[in-house]
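A.B. asks: fold the stuff below for me.
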Amino acid sequence: MKKTYLLVAMSLMVLSCGKKETSPEQEVGTNAPRVEVEAPAEETAAVSDDPMQNKGIGPVSSVEIPAEIDQDMAAKGKATFETKCTACHKPDVKFIGPAPKGILERRSPEWVMNMILNPEEMIQKDPIAKQLLAEANGAPMANQNLTEEEARQVLEYFRTIE
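C.D. replies: Numbering: from 1, shown residues only. Predicted coordinates for the structure are as follows:
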């Protein structure tokens, strides 16, 4: 019974991460797709290796972060995070993906939003996203097709995680 419950839970977790494409090189018998990408040098050269200066690749080039947290926006972001992201992310501990706790001390807000909105291109061209992909054993972040407004709400929620 315990093995059946574990199998069902793992199946639901994999399915909730969204559609994932596998490469022809995927090893037989593994659950996570293996993704190996190599971006041309001229495309990665424009992206800073400094995590706080790197804005990532995607639609967001600037984010204004007010001093005070917008609690209404954060509550909406928390609901979105709990619905779309918790299969792979836990608020304050590394799971399949990194924990968002303290993310704005490690990454720029633009990078965070671009990773949420544009994970496919980020893992191909951004050096930090490539490193995170390697740390996740090749399991790419699923694109949850959030709007920029939803991504901003999730970012505001991340500011509340202690």
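A.B. asks: now whichever strand or helix holds Ala151: buried residues?
C.D. replies: Under the assignment given by DSSP states H and E, the secondary-structure element containing Ala151 is helix 148-158. By 16 or more other Cβ atoms under 10 Å, the buried positions in helix 148-158 come out as Glu150, Ala151, Arg152, Gln153, Val154, Leu155, Glu156, Tyr157, Phe158. The C-beta positions use only the backbone N, C-alpha and C, and glycine is treated the same way.
A.B. asks: one more: stretch 81-91?
C.D. replies: Neighbour counts over stretch 81-91 (16+ other Cβ under 10 Å) mark Phe81, Lys84, Cys85, Ala87, Cys88, His89, Pro91 as buried.
A.B. asks: what helices or strands is the helix holding Ala151 leaning on?
C.D. replies: Using 3 or more Cβ pairs under 8 Å, 6 or more residues apart in numbering; DSSP states H and E as the contact criterion, the elements in contact with helix 148-158 are helix 71-84, helix 103-106, helix 109-117.
A.B. asks: between the ones you listed, which gets nearest to Phe95?
C.D. replies: For the helices and strands packed on helix 148-158, distance to Phe95 was read as Cβ to Cβ. The smallest value, 12.7 Å, belongs to helix 71-84.
A.B. asks: other residues contacting the closest one?
C.D. replies: Under the contact criterion Cβ atoms under 8 Å, 6 or more residues apart in numbering, helix 71-84 has outside partners 89, 91, 100, 144, 146, 150, 152-160.
A.B. asks: what's the closest of those residues to Gly56?
C.D. replies: Of all the contacts of helix 71-84, the one with the least separation from Gly56 (Cβ to Cβ) is Leu155, at 12.5 Å.
A.B. asks: quick one, what contacts the closest one?
C.D. replies: Contact analysis of Leu155 by Cβ under 8 Å, 6+ apart lists Val63, Gly77, Leu104, Pro109, Val112, Met113, Ile116.
A.B. asks: over to Gly56: give its phi and psi.
C.D. replies: Phi and psi for Gly56, reported as degrees, to the nearest 10, are phi 80, psi -170.
A.B. asks: distance across stretch 58-74, terminal residue to terminal residue?
C.D. replies: Counting by Cα to Cα, to the nearest Å, the length from the leading to the trailing residue of stretch 58-74 is 22 Å.
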